[in-house]
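>>> Pasted the sequence and its predicted model underneath.
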Amino acid sequence: MTAPIRWAIALACAFAVGVALSFGQTYGPEFLAPLFNSGAPVAAVAGLAAFAARRWWTSALIGAIAAPVLVAGYYVTAELRGFASSASWVALWATAGVVVGAAMGLAVWALLSRTPTFARAAGAALWPGIAIGEAAHGLTRIADTTPVGYWWAQAALGLVVLVAVAWKHLPTWPGRLLAVGFTLAFAAATYVAYGVV
């Protein structure tokens with residue numbers, strides 16, 4: 001499969017996920033409500049899109065494109081369904097998508113390439129850190145308006161992904177412990193970022 005076809009498929013899937021998230025926000029079950037309006041799925045899709053690339057810069061590029069494409073799918077669908085969108089929120093999520101998407105692309109590339117342990121540990125930690133930090137935000141700041149069980153489940157999923165990815169891509173215990181340290185740092189940064197927004 002050629003690179004343009006891989007990229008087209010990856011970006012079409014990202015847009016489709018955005019459409020699904022918009023509908024999910026209306027029709028999804030209450031216990032999954034945060035899933036349809038949070039950052040962890042956007043970051044995950046950007047990381048998955050990076051599998052369509054082969055080099056570090058193309059991995060970063062497709063991640064940086066895929067996340068805003070997902071955001072576009074979400075907001076275009078919301079507008080077509082009659083829900084007004086705030087231009088400032090669209091700009092915020094699109095900008096965050098570029099930054100986080102590029103980082104996720106690099107994380108995937110680092111894990112799949114022969115990069116130093118330091119880079120692979122950071123790559124293994126990025127999505128779990130985002131998921132756990134966002135879950136901490138949900139549990140401490142918006143627990144009164146969102147289902148607490150969802151946030152605990154997201155935190156647990158972040159931990160499971162960290163263990164699985166670190167075990168596979170980091171063969172030594174020092175590397176795995178480094179991934180844990182990076183996860184804590186990324187989680188703290190995510191928590192702080194949500195507090196600012």
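Everything's here; your move. Numbers count the residues shown, from 1 in each chain.
>>> Give the helix, strand or coil label for F15.
helix (DSSP: H, G, I helix; E, B strand; the rest coil).
>>> tell me which element the residue lying closest to it once chain neighbours are set aside falls in.
Distances taken as Cβ to Cβ, 6 or more residues apart in numbering place G73 nearest to F15, at 3.9 Å, with adjacent residues excluded. For every residue, glycine as well, the C-beta is placed using N, CA and C. In this assignment (DSSP states H and E), G73 forms part of helix 56-80.
>>> got it, and F23?
Counting by DSSP H and E, the element that carries F23 is helix 3-27.
>>> what are the phi and psi angles of the most far-flung residue of the chain relative to its centre?
Relative to the centre of the chain, and counting by Cα atoms, centre = their mean, the farthest-placed residue is G82 at 26.8 Å. The phi/psi pair for G82 (degrees, to the nearest 10) reads phi 90, psi 10.
>>> Pull the contacting residues for it.
Counting by Cβ atoms under 8 Å, 6 or more residues apart in numbering, G82 touches no other residue.
>>> Assign the residue sitting nearest the centre point of the chain to helix, strand or coil.
Nearest residue to the geometric centre of the chain (Cα atoms, centre = their mean): A43, 1.5 Å. Three-state call for A43 (three-state DSSP): helix.
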